[in-house]
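S.K.: Build the 3D model from these lines:
(chains A, B, C and D)
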Protein chains: 2
Amino acid sequence: MKKGLTEICYKFFNNLSNPTRLATLEKLMEKPMSVNELADALGQEQSMVSHNLKPLLQCNFVFIEKQGKKSIYSANQETVGTLFKAVEVHAEKYCPTGGKCLKEEN
Amino acid sequence: MKKGLTEICYKFFNNLSNPTRLATLEKLMEKPMSVNELADALGQEQSMVSHNLKPLLQCNFVFIEKQGKKSIYSANQETVGTLFKAVEVHAEKYCPTGGKCLKEEN
DNA sequence: ATTTCATATGAAATATAATTCATTTGAAGT
DNA sequence: ACTTCAAATGAATTATATTTCATATGAAAT
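M.R.: Next comes the predicted model:
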């Protein structure tokens, strides 16, 4: 394993370990959206979406393109797609009950 | 994207977004170890290592094999290798300065 | 059955992160 | 210049997660 990767991993996974940010990425994987469109789609407040977009942008999990007053965000399909796929593969093989292994009772 | 994946992603990434657990995985990727060996290798207390191994085990990021008094833990090479590799690839392409984009000042 | 070694657990204390609400910035139109 | 719309920011509150320390469990040896 490459030196220093653990720190980068921490920053990255930390970034991804948040329901709002994951839901944001999920939406943006479908199509690019403005902040307010995202807020609508997620049923969240604009400021919250903004706050959560910031770290995603910083790590280049999303990209931004300004159009007049609007900021159009899009997902980094390559990275996000790869990571989500890896989780899906793992879940199918190691959590065959569909997440039963993730419940509190264990 | 598969339905319900966001929740699983959350649990998984949450699990991985911890320096102790990442360092643990890094060590276990090298070779299987007992809890005390891990604690030594990491310079952490045994109870802390135990606490952190629990969620890793629950998500099958690590496996356990009991040998007498000892618990030998090993990494899920497939999953952990894939995820770390994905981060490495992303970092090389999108964080060419080696994490400068991850600093606070931005 | 008692002692020792290895690990796991519980609960309190501490540290971190997320959310909300009020406010600010900035771009574009009037 | 003023108003409006869109997004970003700051700071306080609230919620979560981590760490520590004391203790419990469990296996094996004496």
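S.K.: Just the buried positions in the biggest helix by length in chain A, please.
M.R.: In chain A, taking DSSP state H as the definition, the longest helix is helix A:77-94. The neighbour-count check on helix A:77-94 (16 or more other C-beta atoms under 10 Å in any protein chain shown) flags A:79-80, A:82-84, A:86-87, A:90-91 as buried. C-beta coordinates here come from the backbone N, C-alpha and C atoms, glycine included.
S.K.: hey, C-alpha coordinates of it in PDB?
M.R.: C-alpha atoms of helix A:77-94 as PDB (Å, rounded to 0.1, in the frame of the first residue of the first chain):
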ATOM      1  CA  GLN A  77     -19.000   9.500 -12.500                       C
ATOM      2  CA  GLU A  78     -15.700   7.700 -12.600                       C
ATOM      3  CA  THR A  79     -14.800   7.800  -8.900                       C
ATOM      4  CA  VAL A  80     -18.300   7.700  -7.500                       C
ATOM      5  CA  GLY A  81     -19.400   4.900  -9.900                       C
ATOM      6  CA  THR A  82     -16.400   2.800  -9.000                       C
ATOM      7  CA  LEU A  83     -16.800   3.200  -5.200                       C
ATOM      8  CA  PHE A  84     -20.500   2.500  -5.300                       C
ATOM      9  CA  LYS A  85     -20.000  -0.500  -7.500                       C
ATOM     10  CA  ALA A  86     -17.300  -1.800  -5.100                       C
ATOM     11  CA  VAL A  87     -19.800  -1.500  -2.200                       C
ATOM     12  CA  GLU A  88     -22.500  -3.200  -4.200                       C
ATOM     13  CA  VAL A  89     -20.200  -6.100  -5.000                       C
ATOM     14  CA  HIS A  90     -19.100  -6.500  -1.400                       C
ATOM     15  CA  ALA A  91     -22.700  -6.300  -0.200                       C
ATOM     16  CA  GLU A  92     -23.900  -8.900  -2.500                       C
ATOM     17  CA  LYS A  93     -21.200 -11.300  -1.600                       C
ATOM     18  CA  TYR A  94     -20.900 -10.600   2.100                       C
END
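S.K.: Which strands and helices lie in contact with that helix?
M.R.: Where contact means 3 or more C-beta pairs under 8 Å, 6 or more residues apart in numbering or on different chains; DSSP states H and E, helix A:77-94 is packed against helix A:19-30, helix B:5-16, helix B:77-94.
S.K.: what about these, which gets the closest to DNA strand D?
M.R.: helix B:5-16 (5.6 Å; C-beta to the nearest atom of the strand).
S.K.: quick one: that closest one near DNA strand C?
M.R.: No - contact of helix B:5-16 with DNA strand C is not found when judged by C-beta under 7 Å from any atom of the strand; the minimum separation is 9.0 Å.
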